[in-house]
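>>> quick one, structure for this:
(one chain, ligands or ions: 1)
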Amino acid sequence: MTVSIWQAEDTQPIREVDVLVIGAGLAGCAAAYFAAQAGRSVVITEMRDVALGASSRNAGFMITGPDTYYHRAIELYGHANTRELWALSDKTHRYWREFAKQGDVRLDNCGSMLLAESAEEGKELEAAARALNADGIDVVYHANDPLKRGYFGAVEHPWDAAVQPYELVWTVFKASGAELVNNNEVYKVEQTGADYVTVHTRQFIFQARYVMICTNAYSQFVHPYFAGKVLPTRGQCLVTEPLTENVMPVCGYSDYGYMYYRMTFDNRLLIGGGRKLYKELESTSEDRISDPVQAYLDNYLRTKFPDVTAKVDRRWAGIMGFSVDGLPLIGTIPGSPRIGFAVGFTGHGLAFGSGVAERAVDHLLNGASAGILDAARLG
Ligand SMILES: Cc1cc2nc3c(=O)[nH]c(=O)nc-3n(C[C@H](O)[C@H](O)[C@H](O)COP(=O)(O)OP(=O)(O)OC[C@H]3O[C@@H](n4cnc5c(N)ncnc54)[C@H](O)[C@@H]3O)c2cc1C
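Alright, predicted model coming up:
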């Protein structure tokens, strides 16, 4: 939203706070939780309400690891870093499971399968399975399609899960004990003193000791530092009417992550992805579905699941924040050591959200290392 000359006169009431988190998605609520655990008093400011961004529009896959197949991640990021990423994702899932238990959040321990859409992808998955097993990660490699739907092999992660993400984020928010100021967009953040930050919002001007930016896809609109570093990328899904059979017993993930599918808790088939051929069109923060991607998803439903005759009941979109190198970003804004961030989840917020939020809070409050996720790597 734009800011008028009248709004920019800064007549809003001033509020002093200790830690101010911007954004109440899974990252912001987890950051609020860890800051509160560190003894801080925390306020979250959110332009909509809890979890109304990508965090309640995703497919709810808790798949361990980054968005690149394991052996390719080793090539891209190095072996030690890839292990670090895996451990962080594992830790993230442990946190989500603890929260899920506390909040009675629906979570299905169905496992996941990375599936090959071509013989070439099948070879990639075989290499990924070998690299995972060599690192002591006990995945199961299937040379043939275990689902009998025309895939070219699979890697099974039996410990992965499918979650109800909206319930999860609300549970994390409640566990944080933080105060929420909703309907309160931030339009300027600046470190104005050695030990405080001024945050201009619609309702208040906050003077905060520390600020944690958790606005993922929208980060460039909060601070120019993120322009060209976190790119808004639209993701889309459809879901059928309830089925009488479970046609997808795991979280399925194929075409190098461009396609994904699962059953919902009321036995509908959810299919998401389909943006591979439409990357330019889908490089947007506009929250609406697009015809070409939805047609692609429809076609996938018809060809891969010809046994499903139920109608499509709902279609939706959400905006993800893709970092330029595919990994989340932790750091502080250069020259503003009191303004931290945890952004750039690249479609994998459930894989990394709480682990990254914890590390980002520790980095901001205590100067702890951000490891491979240190945003300084991007210059
Ligand atoms: C269709 C789709 C499917 C996906 N599937 C999966 C999946 O299966 N597994 C997985 O791990 N990940 C998946 N993801 C990605 C996952 O949803 C995100 O990585 C995750 O939600 C990011 O969480 P976040 O808190 O960083 O961002 P968000 O949930 O987007 O939260 C950011 C918050 O900041 C608020 N905000 C923005 N600007 C301002 C401002 N100026 N002032 C105040 N508040 C502001 C927003 O309103 C929003 O609530 C999917 C995403 C989509 C869209």
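
>>> assign residue 171 to helix, strand or coil.
Secondary structure of residue 171, reduced to three states by DSSP: H, G, I helix; E, B strand; the rest coil: helix.

>>> what sits closest to it if chain neighbours are left out?
The shortest distance from residue 171 to any residue other than its chain neighbours is 2.9 Å, reached at residue 103 (Cβ to Cβ, 6 or more residues apart in numbering). Just so you know, the C-beta spots here come from the backbone N, C-alpha and C atoms, and that holds for glycine as well.

>>> what's near enough to touch the one you found?
Residues in contact with residue 103 (Cβ atoms under 8 Å, 6 or more residues apart in numbering) are 167-168, 170-171, 174-175.

>>> in ChimeraX, how would I select just the buried ones from those residues?
A single ChimeraX command selects the buried members of the contacts of residue 103 (16 or more other Cβ atoms under 10 Å):
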select :167,168,170,171,175
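
>>> residue 201 and residue 187 touch, don't they?
Yes - using Cβ atoms under 8 Å, residue 201 makes contact with residue 187 at a distance of 7.1 Å.

>>> between these two, which one's more packed in?
Of the pair residue 201 and residue 187, residue 201 is the one with more neighbours under other Cβ atoms under 10 Å, namely 22 against 16.

>>> and residue 367, its phi and psi?
Backbone torsions for residue 367, taken as degrees, to the nearest 10, come to phi 70, psi 20.

>>> which residues does residue 316 bridge with?
For residue 316, the beta-bridge assignment (DSSP bridges) gives partners residue 237.

>>> shouldn't it be in contact with residue 234?
No - counting by Cβ under 8 Å, residue 234 is not a contact partner of residue 316; they are 10.6 Å apart.

>>> out of these two, which sits in the more crowded spot?
More neighbours sit around residue 234 than around the other of residue 316 and residue 234, counting by other Cβ under 10 Å; the figures are 23 against 15.

>>> pick out the residue of the stretch 1-150 of the chain closest to the ligand.
For the stretch 1-150 of the chain, the residue positioned closest to the ligand under Cβ to the nearest ligand atom is residue 25, at a distance of 2.2 Å.

>>> got the phi/psi numbers for the spatially closest residue to that residue that is not a sequence neighbour?
Counting by Cβ to Cβ, 6+ apart, residue 25 lies nearest to residue 55, which is 3.8 Å off, once chain neighbours are set aside. Reported as degrees, to the nearest 10, the phi and psi values for residue 55 are phi -70, psi -20.

>>> residue 55 reaches residue 167, doesn't it?
No - taking contact to mean Cβ under 8 Å, the distance of 11.0 Å between residue 55 and residue 167 leaves them out of contact.

>>> how much space separates residue 345 from residue 134?
Computed as Cβ to Cβ, to the nearest Å, the residue 345 to residue 134 distance reads 27 Å.

>>> how far does the helix or strand containing residue 155 sit from the chain's center?
Secondary structure assigned from DSSP states H and E places residue 155 in strand 154-157. In terms of Cα atoms, centre = their mean, to the nearest Å, the centre of strand 154-157 is found 21 Å from the chain centre.

>>> which SS state does residue 150 fall under?
Of the three states, residue 150 takes coil under three-state DSSP.

>>> my error: substitute residue 351 in the last question.
Three states are possible here, and by three-state DSSP the one that applies to residue 351 is helix.

>>> for the stretch 101-250 of the chain, which segments count as helices?
Secondary structure of the stretch 101-250 of the chain (DSSP state H, counting those that start in this stretch): helices at 119-134, 165-176, 219-222.
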